[in-house]
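Colleague: prediction below, plus the sequence it came from.
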Amino acid sequence: MRAIVVSAFGGSSVLDYTEAPDPVPGPGEVLVDVAAAGVNYIDVYHREGRYPMPLPLVPGSEGAGTVAQVGPGVADVVVGDAVGWVSVPGAYAEKVVIPADKAIPLPPGVRPEQAATVLLQGLTAHYLTTSTHPVRPGDTVLVHAAAGGMGLLLTQMAKLHGARVIGTVSTPEKEKMAREAGADEVIGYDDFATRVRGLVPDGVDAVYDGVGAATFDGSLASVRPRGLLAVYGAASGPVPPFDLQRLNQAGSVFLTRPSLGPYMATREELLGRASDVLGWLASGQLHVHVFARLPLAEAARAHDDLEGRKTMGKLLLIP
């Protein structure tokens, strides 16, 4: 098969489009013909070695396709099933082996390529808005990078739960997209904490921050007493160590650095979250903007566009 293989950690140039052995499913595993792979920041972290993984590595933590073969002991998934998956490496390829208990069945009306646009970021936005800070009617939340793939989903889900959403963006084009997704107020990054406090003098109930180092101080300054700051990503770099006393000074603010794994710790939880996300997608309550569909061979371009903040919405790689 053809695949993207990383043999050494580094920049996008290490994403090598090459021949790789066809994978074979073992006990409890299934082989999937990949229809589309989602491109996410965690793929960049794996490529850089920020989240070290054994080399050589076929990156890609999100995808969808059709089951081509099942391994011994698999009963709930059969050949021909349309499935998606998250948090399993190897999606940047024509074929991938995944654990059967990680296979997410796709409901009628949701094609594999559609599922690949929404699963990883959709499940992340789901746990952030239903578990990390359960959004309630009347809440006000701040969503950074509101026109990115995650930001658009966070905005829509927060609105589904009845929140007022303030979004940050970097360009007028991104402001338009954030407003179309439902953001009530859209502001730039310059002195955003002051602007947030102008809109919500007591501070927001929660901040969803996937930017990290560049926005952390302003995010902390935007939260109301006993509110929550969820730093779920680090697009601008990791947050440096800081004095915990700052949380006290901000008004007993809660701070968390969540990740998807603990929020889908059981198959029941995984399928429950996926059912909500894919159901909203099928019903039209959730919309995903595809920024670009690129051939698998152009994975380096996809990473460059993502890291260069050129994207609005979702990037897909098509084998």
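Modeller: Everything's here; your move.

Colleague: all helices for the protein, in order.
Modeller: Per DSSP state H, the chain carries helices over the ranges 41-48, 112-127, 149-160, 172-180, 192-199, 216-222, 245-249, 267-283, 299-307.

Colleague: looking only at pLDDT, what's the mean for the fourth one?
Modeller: Averaged over helix 172-180, pLDDT sits at 95.

Colleague: for it, name the packing helices and strands.
Modeller: The helices and strands touching helix 172-180, judged by 3 or more Cβ pairs under 8 Å, 6 or more residues apart in numbering; DSSP states H and E, are helix 149-160, strand 185-187. Where you see a C-beta, it was placed from the backbone N, CA and C, and this is true even at glycine.

Colleague: make a markdown table from the ones you listed and add mean neighbour count, mean pLDDT and distance to residue 13 to it.
Modeller: Formatted as a markdown table, these follow (neighbours: other Cβ atoms under 10 Å; pLDDT from 0 to 100; distance: least, Cβ to Cβ, whole Å):
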| stretch | mean neighbour count | mean pLDDT | distance to residue 13 |
| --- | --- | --- | --- |
| helix 149-160 | 26 | 96 | 24 |
| strand 185-187 | 21 | 98 | 35 |
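
Colleague: which of those sits closest to residue 285?
Modeller: Ranking the helices and strands packed on helix 172-180 by proximity to residue 285 (Cβ to Cβ) places helix 149-160 first, at 6.5 Å.

Colleague: not counting that closest one itself, show me its contacts.
Modeller: 40, 118, 121-122, 124-126, 128-129, 135, 139, 141, 143-146, 165, 167, 177-178, 181-183, 208, 210, 232-233, 280, 285-289, 291, 311, 313-315 (Cβ atoms under 8 Å, 6 or more residues apart in numbering).

Colleague: that helix vs helix 41-48, what angle?
Modeller: In terms of direction (axes from the mean of the first three to the mean of the last three Cα atoms, to 10 degrees), helix 149-160 departs from helix 41-48 by 150 degrees.

Colleague: tell me the domain ranges of this structure?
Modeller: If you go by automatic domain parsing, the domain ranges for the chain are 2-119+264-318, 136-256.

Colleague: how long is the longest one end to end?
Modeller: End-to-end distance of domain 2-119+264-318 (Cα to Cα, to the nearest Å): 12 Å.

Colleague: ok, now the last one?
Modeller: Using Cα to Cα, the span of domain 136-256 from its first residue to its last is 19 Å.

Colleague: again, but for stretch 104-114
Modeller: 13 Å.

Colleague: list the buried residues of that stretch.
Modeller: By neighbour count with 16 or more other Cβ atoms under 10 Å, stretch 104-114 contains the buried residues 104, 105, 106, 110, 112, 113, 114.

Colleague: with stretch 207-220 instead?
Modeller: 207, 208, 209, 210, 211, 212, 214, 215, 216, 218, 219, 220.

Colleague: return the distance of the second one relative to residue 31.
Modeller: In other words, residue 208. Distance from residue 208 to residue 31, counting by Cβ to Cβ, to the nearest Å: 36 Å.

Colleague: equivalent analysis for the fifth one, please.
Modeller: Shown here: residue 211 relative to residue 31, a distance of 37 Å by Cβ to Cβ.

Colleague: repeat that for the third one.
Modeller: For residue 209, the distance to residue 31 (Cβ to Cβ) stands at 38 Å.

Colleague: next: the first one.
Modeller: In this view, residue 207 and residue 31 are 41 Å apart by Cβ to Cβ.

Colleague: count the residues that sit near the closest residue to residue 269 other than its chain neighbours.
Modeller: Excluding its sequence neighbours, the residue lying closest to residue 269 (Cβ to Cβ, 6 or more residues apart in numbering) is residue 263, at 7.1 Å. When neighbours are defined as other Cβ atoms under 10 Å, residue 263 has 18 of them.

Colleague: check contacts around residue 263.
Modeller: 123, 127, 131, 132, 269, 273.
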